[in-house]
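Undergrad: The following block contains a protein sequence and its predicted model.
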Amino acid sequence: MPIESIVSGGSEIVGRTFQLFLLGHKYLATTVPTRSKKELDAFRTHCWYQLQGRQEHHIEHLLSELTELCPDPIIFSGYLWKYCTSINNDGILEDY
């Protein structure tokens, strides 16, 4: 969501708020989340913390979790659902 600055006669968009989609959050949108450098660094730090010395770590979000957002998942046809994030020593993989 953009940050607005009130100026005489209207408002002006001056930036956007820090918005980080972490592993435990459900992500449903029409596009893949883009991250600023600050957001990407925070996401990577969070992922490495979740790994905690293990070889790999997987976080899955089942399609049935959509019922927490709406009783009928067909409403979200055409949206991207992040269903799995895999973390290992080689990197981070997000599956949509």
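TA: Arrived safely, thanks for sending. Numbering: from 1, shown residues only.
Undergrad: where exactly do the helices run in this structure?
TA: With DSSP state H as the criterion, the chain has helices at 37-51.
Undergrad: lowest-confidence helix or strand of it?
TA: For the chain, the helix or strand with the lowest mean confidence is strand 2-7, at a mean of 44 (criterion: mean pLDDT, DSSP states H and E).
Undergrad: which residues of this protein score low on pLDDT?
TA: Counting by pLDDT under 70, the chain shows low-confidence ranges at 1-20.
Undergrad: Run through the strands of it in chain order.
TA: Assigned by DSSP state E, the strands in the chain fall at 2-7, 10-16, 28-29, 56-60, 80-81, 84-88, 91-95.
Undergrad: For the last one, which outside residues touch it?
TA: When contacts are taken as CB atoms under 8 Å, 6 or more residues apart in numbering, the neighbours of strand 91-95 outside the stretch itself are 43, 44, 47, 82, 83, 84, 85, 86, 87. (C-beta placed from N, C-alpha, C; glycine too.)
Undergrad: Run through the residues that contact the fourth one.
TA: Yep, that's residue 82 we're talking about. 21, 26, 27, 28, 61, 94, 95, 96.
Undergrad: Next, work out how far apart residue 85 and residue 71 are.
TA: Residue 85 sits 26 Å away from residue 71, going by CB to CB, to the nearest Å.
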